[in-house]
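Trainee: Sequence plus the predicted model coming up.
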Amino acid sequence: MTTISRWRALTHHHLFWPVAVLIALLLVNVPFTPDFFSINMTDGHLYGSLVSIVLFGSPLILVAVGMTLVIATGGIDLSVGAVVAITGALTCSYISDQADQNTLSAVFLAMGIGLVAAVVCGLWNGFLVARMGIQPIIATLIIMVAGRGVAQLITDGQIITVNSEPYKLIGGGYWLTLPFSVFVVAAVVAVTVALTRRTALGLLVESVGGNAEASRLVGIRSTRIKIMVYMFCALCAGIAGLMISSNTSAADGNNAGLWIELDAILAVVIGGTSLLGGRFSIGGTVVGALVIQTLTTTIYTIGVPTQTNLVFKAAVVIVVCLLQSPKFRAKVFGAKGPQGPRQGAAPVEPAPAADAAPKMEVSR
Amino acid sequence: MAEPQPVLEMTGIVKEFPGVRALSGVDFRLFPGEIHALMGENGAGKSTLIKVLTGVYSLDGGTITLDGESVRFGSPLQAQQAGISTVYQEVNLCPNLSVAENIFIGREPTRAGRIQWKRMRKEAAELVDRLGLDIDVAAPLSSYPLAVQQLVAIVRSVGTGDRDGAGFGTKVLVLDEPTSSLDRDEVLELFRLMRQLRDEGVAILFVSHFLDQIYEVCDRMTVLRNGTLVGEHLVRDLDQVGLIELMIGKALDQLEELHEHQMRSDVGETLVKAEGLGRTGGIAPFDLEINKGEVLGLAGLLGSGRTELARLLFGADQPDSGKVTIGGKQVSMSAPNDAIAAGVAFCSENRKSEGLVPDLTVRENIILALQAARGWTRPIPASQRDELVAAYIKALDIRPADPEARVGRLSGGNQQKVLLARWLITQPKLLILDEPTRGIDIGAKTEIQKLVVSLSEDGMSVLYIAAELEEVLRLSHTIGVLRDRRLVARLTNGPEITTSKILETIASGEHQ
Amino acid sequence: MSATTQTPKAAPRGSTASRARATRLLGDRRLPVLVTAALFIAMYVGGLSRYQNYGFAEPQVFLNLFIDNGYLLVAAIGATFVIMSGGIDLSVGSMIGFTTMFTAWLVERQGLPLLLVVPLALAVGAFGGFLMGYVIHNFEIQPFIVTLAGLFLFRGLCLVISKESISINDASVGTLAQTRVSLGVGDLSIGAVVALVVLAVAFYVLHYTRFGRRVYAIGGNEQSALLMGLPLGGTKIAVYTVSGFCSALAGLLFMLYIQSGDPLHAVGMELDAIAAVVIGGTLLTGGSGYVLGTLFGVLVLGLIKSVITFEGTLSSWWTKIATGVLLCAFILVQRTMTSRRKT
């Protein structure tokens, strides 16, 4: 009895399904690459599939974490890819202008410039959404379209390469045997969790996304919160931009961060945050981003042609969305009525709805 | 006058929802060429009956006969095709299309699949003209005020089905609260149209919260209460007091112990003072004073402006006129924040849409108002928060007593208590409770009423809105009476004030 | 209660018509289209005076706008249907890319005749749109996310067909691509003619068929449309089918224009299409706009490209920046217009 109830408690945890999917994906690799889980030490650096998943997944995790907060307020930010490009372009072009690209102060200043630009983009998005009342998908479309042009303008249409040791560290360097980007991601995630859960920001964000009118009537200043969240999202994208350009030691205005907004939204959805806003889970998003990265790696290791990656991703989007759709669940898993977790019209006991469709937990 | 055959006859109508019997054996009939009012308070079953009639809900029992034939509608479209059209309070038209298109969309005149715009405009203009309206049918609907859009909706619905004949395709026209946001002139124009249609033989079912309008335009009325038929009367045979008594009924008093509670006469100094506060389409300008420790009850029928008054005092809607002073200081009332900062709290009657955040836990919902006031940078320390929440869960007996439970899954009474706890935790000076006891069980009801009494004894002012007059009478020091969106009287509670006295005031619309 | 002193009957009757006329002038739905048309003319005249010595005045320069942007026009017309109904389609670019690959592969690698391949490609595109519409309507998932899946899927299918570009050497394709229709002052390509035909058909459908008016109605107010008894589901699904069809047709024109299939063709073209629709005056929230506006939107975008070419020193990325700026301006104008209409 207790084991059953413990099992139920486990499966009902909001991270259960994302983590289960991640583990399953990882295990798929084992028959193809027996030493998939092994990690070697070479030159004082750790190498292995797991390390590279985290390394290559870092920018996506960053962007997705910022996106989580935006989505939690009931919004969406399509401009993150363009922000990635702008930040990388600004930073690299500043560094490449220096006589000595290895000067620490110059690198810091360059990164500062890039991040400020990112935050300004976020401020603009937030202003359009929260003050002007434009739908988020439309408001952020502007920078999505114009941003890449701006990035190319900065780089003059070239791919700017830099040769700076300190800058190389963020995206491609190692520290304490681990890729340095892991520490950056850990720091950003920790700061985000602290910012949302140690202060009341998380609660207010969830309240605004969960019920905007009720939030207004308890006196929450949602305009400020929304602007802040868009700025934070852009900042995260900016850091990801630094990481991507550092990793390749180059800024490519055209291709840096291409489609990362879509991957990030996907990661957030897999992580259990509803696109309608409300409850969010940073942990879920991190797992979601890792799932996407693992999927890419897995496709590579099991020998399926890499180009099918996008087809798989499409399948994942469709499956996840169908499972989140109350109507789909009602049609496929039997007539449980239209009460999804969100509608919850009748205050009945919660347990039975979940039984027929255990996978629905993906949606929380 | 020999009574003609009814065009519509509903007998023994039963409609059940999980746990509720919304209609139990209601009979209803409608004659051609009459305007018939459907009356009842909240939960009487008015809207359920209309939805059954118009095919939105399916029947659980009973029969509907239209023109002598038994019918059963599976969808609003089927009802429309049978000749029953509905116009709702919110205009259900497309504002981006022209008036003519709105009248004809879905049945535009076509030749070989091509819409004949000229013919459509001409026919629309003829129809509009015949109904005595002056509307340019080529103009987009959005260029007209709401009242005209309402008229267009009626034109569309009576034009259904029969395009070239002299009569209208519609036999029954249901008007569900079409007047709630119209001004006097607009209402008169609507009534003119209604009378014209009546004279041409259309049976009109009219729902309105304005008693004057019922007496002005209706011929007959049916009164419902708690899902049963209370009576069908000719309007001229039933006076307003009689009608209100029928609507409200003599609710059994199950809360005798509270009745004995002594009204303190020594309420404190003035806390809230509203002067000329009003909002077009909401409530006519009113003056109001609430003293410290006073319970001011608002009495009035559904739609009389109770909620609108409360929302203005909280800044939930922005007033067009007037000013509010709280504790001697003028408050701008441009947003709820201003009122909250001045110590006002508001529990909305719509717990789900305007109160709770259903996805969040009980604890999070309880601390939300306090946290919003503190701003996001100053979270309530965890230990203090848990203590506060635990204390209020205990004090209000919220069940389950689990601060981690999702609030969307609590029962109505417990949700209401969570909302109360949310505001009590902010220690407001004025607590506005809009129908706090609606839809909750009798035990929770008593508890909430007791709480109001003790809060007032501790010096908190309360603005109390309830549909049940006994409830208002029992709790209030002073009773504000509303009718047709006006505050018509302010009665000091005492032995001479009874429910029938309040009823008379509502019915006559005059002080004393 | 309002303080009207006129007699009750006269007040609403006498004044509404004139009031309506005034509001109509200010909030005329054709206004944004006229603004865009004026913008186009201004830009064109500006180009004339600035580059008169470089042959800008040649009629062919104007006609080239249609030749170079025919595929975009067709894609944007499809997007107009979707946006007008209140939805969005992100799969446009991928569908175009997929169609170029699919046809190139069938024609070059499988040796199928063009006559067979064209209807096949169009059918695949329409079916893809139909599927997305079906999922959007029946499972009530946001169009944004469903068409995002479509974006991934069709781009992925491109890569599944081949990672490499396939150039088309088929004789019939070559002939078609070279064919020019003379207009006296200049000539148009087959692609441009097809685009103009699609424009005319779309105009007819939107304004003279019940389906077209339903698209407007649903975009104006979905709930009302349902209560007025309009077939909501069928219309929505049809709208996405139209968009899928137009994307596939745009893909064919693009293939004709470029004469190759490439998995990276038309990446991000959905943004150009959406931008053209918005600049053309269609409300992104649906219900208001004209397909003729979309034409001007496409022409403005095309003209920006030509001006930048003529300028010589300006680089291609200015196209994106200018598009973004225009997009922003039009969104803000739309916003102020809709907020005024509501009050």
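Mentor: Received the coordinates, thanks.

Trainee: Tell me where the chain is predicted with low confidence.
Mentor: Defaulting to chain A. A:1-2, A:306-307, A:334-364 (pLDDT under 70).

Trainee: you looked at the wrong chain, it should be chain C
Mentor: Of all residues in chain C, those with pLDDT under 70 make up the ranges C:1-28, C:339-343.

Trainee: hmm, try it at 50
Mentor: The model of chain C has pLDDT under 50 over residues C:1-15, C:342-343.

Trainee: what residue lies at the spatial centre of it?
Mentor: C:Ala76 (1.3 Å; C-alpha atoms, centre = their mean).

Trainee: I'd say that one and C:Met269 touch.
Mentor: No - contact criterion C-beta atoms under 8 Å: C:Ala76 and C:Met269 do not qualify, at 9.5 Å. Where C-beta positions appear, they are placed from N, C-alpha and C, glycine not excepted.

Trainee: And the helices in chain C, which stretches?
Mentor: C:10-26, C:31-50, C:59-84, C:92-104, C:114-139, C:143-161, C:171-178, C:190-208, C:210-220, C:222-227, C:232-258, C:269-279, C:291-311, C:317-342 (DSSP state H).

Trainee: Please tell me I have it right and B:Glu294 contacts B:His477.
Mentor: Yes - under the criterion of C-beta under 8 Å, B:Glu294 makes contact with B:His477 at 4.9 Å.

Trainee: burial measure for residue 287, as a count.
Mentor: You didn't pick a chain, so chain A it is. Residues lying near A:Val287 (other C-beta atoms under 10 Å in any protein chain shown) number 24.

Trainee: my bad, chain B
Mentor: Look at B:Asp287: counted by other C-beta under 10 Å, it has 12 neighbours.

Trainee: What residues does the stretch 1-150 of chain B have near chain C?
Mentor: B:76-77, B:80, B:88, B:91-97, B:101, B:105-106, B:108, B:110, B:113-115, B:117, B:133-136, B:139-140, B:142-145, B:147-148 (C-beta under 8 Å from any C-beta of the partner chain).

Trainee: So which of those residues belong to strands?
Mentor: Mapping these onto strands (DSSP state E) picks out B:110, B:114-115.

Trainee: By neighbours, which of these wins?
Mentor: B:Ile115 (19 neighbours).

Trainee: Tell me the secondary structure at B:Arg378.
Mentor: Under DSSP: H, G, I helix; E, B strand; the rest coil, the three-state class of B:Arg378 is coil.

Trainee: got a list of what residue 264 touches?
Mentor: Since you didn't name a chain, this refers to chain A. A:60, A:63-64, A:66-67, A:80, A:289 (C-beta atoms under 8 Å, 6 or more residues apart in numbering or on different chains).

Trainee: nope, chain C please
Mentor: C:97, C:158.

Trainee: how far away is it from B:Arg399?
Mentor: 61 Å (C-beta to C-beta, to the nearest Å).

Trainee: how far away is whichever residue of chain C sits closest to chain B from B:Pro140?
Mentor: Using C-beta to the nearest C-beta, the single residue of chain C nearest to chain B is C:Gly220, 3.6 Å away. For C:Gly220, the distance to B:Pro140 (C-beta to C-beta) stands at 10 Å.

Trainee: Can you pull the residues that touch both of the two?
Mentor: B:95-97.

Trainee: and A:Leu62, helix, strand or coil?
Mentor: Under three-state DSSP, A:Leu62 falls in the helix class.

Trainee: can you check B:Ala345 too?
Mentor: strand.

Trainee: wait, it sits on B:Ala369?
Mentor: Yes - with contact defined as C-beta under 8 Å, B:Ala345 reaches B:Ala369; the gap is 7.2 Å.

Trainee: For the closest residue to A:Thr273 other than its chain neighbours, give its distance to chain B.
Mentor: Residue nearest to A:Thr273 in three dimensions, not counting chain neighbours: A:Phe280, with 4.4 Å by C-beta to C-beta, 6 or more residues apart in numbering or on different chains. Applying C-beta to the nearest C-beta, to the nearest Å, the value for A:Phe280 to chain B is 10 Å.
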